[in-house]
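Asks: Below are the sequence and a predicted model for it; my questions follow.
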There are 2 protein chains.
Amino acid sequence: MREPHRDASPSSKPAPKAVVGRLSLYLRQLETFARQGRETVSSSQLGQALGLNDAQVRKDLAYFGQFGQPGLGYPIEDLTVAIRRILGVDRDWPTALIGLGNLGQALLGYKGFRLRRFRIVALFDNDPRKLGKSFDGLTIRHTDELPEAVSSQGLRLAMLCVPAEAAQRVADHVVSSGIRGILNFAPTSLFVPPDVSIVAVDLSVQLEQLAYSVHNLLGDSSPADDISAAG
Amino acid sequence: MREPHRDASPSSKPAPKAVVGRLSLYLRQLETFARQGRETVSSSQLGQALGLNDAQVRKDLAYFGQFGQPGLGYPIEDLTVAIRRILGVDRDWPTALIGLGNLGQALLGYKGFRLRRFRIVALFDNDPRKLGKSFDGLTIRHTDELPEAVSSQGLRLAMLCVPAEAAQRVADHVVSSGIRGILNFAPTSLFVPPDVSIVAVDLSVQLEQLAYSVHNLLGDSSPADDISAAG
C-alpha cells in the first residue's frame, strides 16, 4: 500500500474538537465511496456529500499534513488509512462498559462501536442482582475487579452508564485503575485529572440544543422571544 | 416571582452551539444549588462547579442580556427561569420516537428527557412484528400515521433510532409531516431543509474523539505520531 503523500509541517497541537469530529465524518464518507468502487475523491466531492464546502475540507485535512496532490484529488484508500491513524482507530481499543441498565444494555448491542474497533470486552455493575449474569458472552463483575481487568485485559477506555449520583465515585475508581479515557453517559459533570480524557454524551443537553434551535428558527411566540430572537 | 433584571441589548443572532451547550450545564447546576437551598450564586461559584472560569460564565450569560447585579451575584430562581425560557424548555415538547430497537427502547426509559419536558408521546416503527405492541402505555404505529399524529398530538420533535440505510427516507417523511426538529441517532449524515433543525448523536464519532484525545494525551508510540503529535 502506498504511503499518502504528506508535507512535513502539520500542527503539533491536538486539533480542535470540531475538526476531529469532521475527520470522523470524512472517514465514514470515504468508506462509503470505497464500497462504491471509487478510487479518488476531490475536496468538493467529499464536502458536498457531507454538506460542507471544499475549503473547509482542505483546511481540516491540512491540519494534519498534506494529502493528495493538487488537481488529482485524494486517493481514497490512502486517505482512509491516514485518517484512521490520526484518530487512533487503526488499532483495537479494549473497552469496559460500566452500568448495565437500559442504556448500558443498548450500547452493548450498538454495532457502530465494533466497526470502529471499540471492543467492549468487560462488563461491570455493582447491583448484586446483576453480578454474575452474562450478556453477549461477557459476565458482569463488581467494579472492585476493575484494576485487575485493566492489567489482564488491557482495558483502555470505559463507558460510564451509571446513575448520576454514583458517577463521580465510579469515575475516580476508573481513573485510579489506570484507564485514561472515559465516555460519560451519566447526566452529570465529572472531574478527572488533566491526563485523563473525557467525552460527555448528555442526551438531554443535545435535546436542549435542538429545542433552542427549533425555538429560534421558528420564532415561536413566547415570553422568551424578547431576549432570544430568531436570526 | 420577580423578573430577572435584564438590559435591553442582547445579541439578535442565535447563540453558538457551544454557548447553548453550556447554558444546559448552567441550568442543571443552578437546579442543584436550588435543591441545596441556596438563593444566589456568583459567576465564579457557578463556573467552579462546572470547571469553567468566571469570565466564561459572565460572557455566556451576557449573550442573552444582563442577569443579576454586579457584586450581588445571580438570583438562582430568576436565572433558572430565564435560562429555561432561552432554551425553550419552559414548555412541553411533544416528541415522537421512531425506531423501537434496542437504542429506541433504552431512550424511552431515559429519565433525563422527561425532566426537561421532552415528552415522548408517540412511537413509530415499520417492522410488522412491532406494530401494535405497547411500551410505556404507548402503542407502536406505522410511520404512515405520522402526519395525522403531528396534527392530532402536536408533535414537534422526532428522535430517529432507525438503521442508517433507512434514516434519510424516514427523515424526509418526518419533515414532510411537519416536524421541524430531529434528534438523529442513526450513524449517517442526513440532509434536511434549512428551516428544519437537526442534532446528530453519533456515538462512534464521540468515541473517536475520545480515542484521538487519549491517543494524543498519552503520546502512544504508533505510526501516526509523526503527524499527530501530543501537544
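Replies: Arrived safely. Remember, predicted model here, so these are calculated numbers, not experimental data. Numbering: from 1, shown residues only, chains lettered A, B, ... in the order given.
Asks: quick one: residue A:197 from residue A:100, how far?
Replies: 23 Å (CB to CB, to the nearest Å). Any C-beta I mention is one placed from the backbone N, CA and C, and that applies to glycine too.
Asks: before we move on, what about residue A:19?
Replies: Distance check for residue A:19 against residue A:100: by CB to CB, it reads 34 Å.
Asks: ok, now residue A:17?
Replies: 29 Å.
Asks: what do you get for residue A:70?
Replies: Distance, residue A:70 to residue A:100, by CB to CB: 52 Å.
Asks: ok, those two, which is more surrounded?
Replies: Using other CB atoms under 10 Å in any protein chain shown, the more surrounded residue of residue A:70 and residue A:100 is residue A:100, with 22 against 6.
Asks: and that one, what are its phi and psi?
Replies: phi -100, psi 50 (degrees, to the nearest 10).
Asks: Leaving out the residues flanking it, which one is nearest to it?
Replies: residue A:125 (4.6 Å; CB to CB, 6 or more residues apart in numbering or on different chains).
Asks: doesn't residue A:99 make contact with that neighbour?
Replies: Yes. The pair residue A:125 / residue A:99 is scored as a contact, 5.9 Å apart, by CB atoms under 8 Å.
Asks: okay, those two: which has more neighbours?
Replies: residue A:99 (27 against 21).
Asks: Give me the pLDDT for that one.
Replies: Among the per-residue scores, residue A:99 shows a pLDDT of 95.
Asks: residue boundaries of the strands in chain A?
Replies: Remark: strands assigned in chain A by DSSP state E are A:40-41, A:74-75, A:93-98, A:118-124, A:134-135, A:138-141, A:157-160, A:181-184, A:197-200.
Asks: Which among these is found nearest to residue B:23?
Replies: Counting by CB to CB, residue B:23 lies closest to strand A:197-200 out of those; the figure is 14.9 Å.
Asks: Next one: residue A:91 relative to chain B, how far apart?
Replies: Between residue A:91 and chain B the distance is 7 Å, computed by CB to the nearest CB, to the nearest Å.
Asks: where does the residue nearest to that residue when sequence neighbours are not counted land on pLDDT?
Replies: Leaving aside its sequence neighbours, residue A:91 sits nearest to residue A:117 (CB to CB, 6+ apart; 6.8 Å). Looking at residue A:117, its pLDDT is 81.
Asks: Verify the contact between residue A:173 and residue A:146 for me.
Replies: Yes. Shown here, residue A:173 and residue A:146 form a contact pair, counting by CB under 8 Å, at 6.4 Å.
Asks: Looking at those two, which one has more neighbours?
Replies: The neighbour count for residue A:173 versus residue A:146, taken as other CB under 10 Å, is higher for residue A:146 (22 against 17).
Asks: mind listing what that one touches?
Replies: Contact analysis of residue A:146 by CB atoms under 8 Å, 6 or more residues apart in numbering or on different chains lists A:96, A:98, A:124, A:155, A:173, A:174, A:177.
Asks: shouldn't the last one be in contact with residue A:147?
Replies: Right, the one you point to is residue A:177. Yes. Between residue A:177 and residue A:147 there is a contact at 4.3 Å, judged by CB under 8 Å.
Asks: what's the offset of stretch A:68-84 from the middle of its chain?
Replies: 22 Å (CA atoms, centre = their mean, to the nearest Å).
Asks: And the average pLDDT for it is what?
Replies: 88.
Asks: for stretch A:13-27, same thing?
Replies: Averaged over stretch A:13-27, pLDDT sits at 85.
Asks: repeat for stretch A:44-63
Replies: Stretch A:44-63 comes out with an average pLDDT of 90.
Asks: longest helix anywhere in chain A?
Replies: In terms of residue count, the longest helix belonging to chain A (DSSP state H) is helix A:17-35.
Asks: who touches the nearest residue to residue A:197 once chain neighbours are set aside in this structure?
Replies: Once flanking residues are discounted, residue A:197 sits nearest to residue B:213: 3.8 Å by CB to CB, 6+ apart. Residue B:213 makes contact with A:14, A:20, A:181, A:197, A:199, according to CB under 8 Å, 6+ apart.
Asks: Can I get those in TSV including neighbour count?
Replies: Below are the contacts of residue B:213 laid out as TSV (neighbours: other CB atoms under 10 Å in any protein chain shown):
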residue	neighbour count
A:14	18
A:20	23
A:181	28
A:197	22
A:199	21
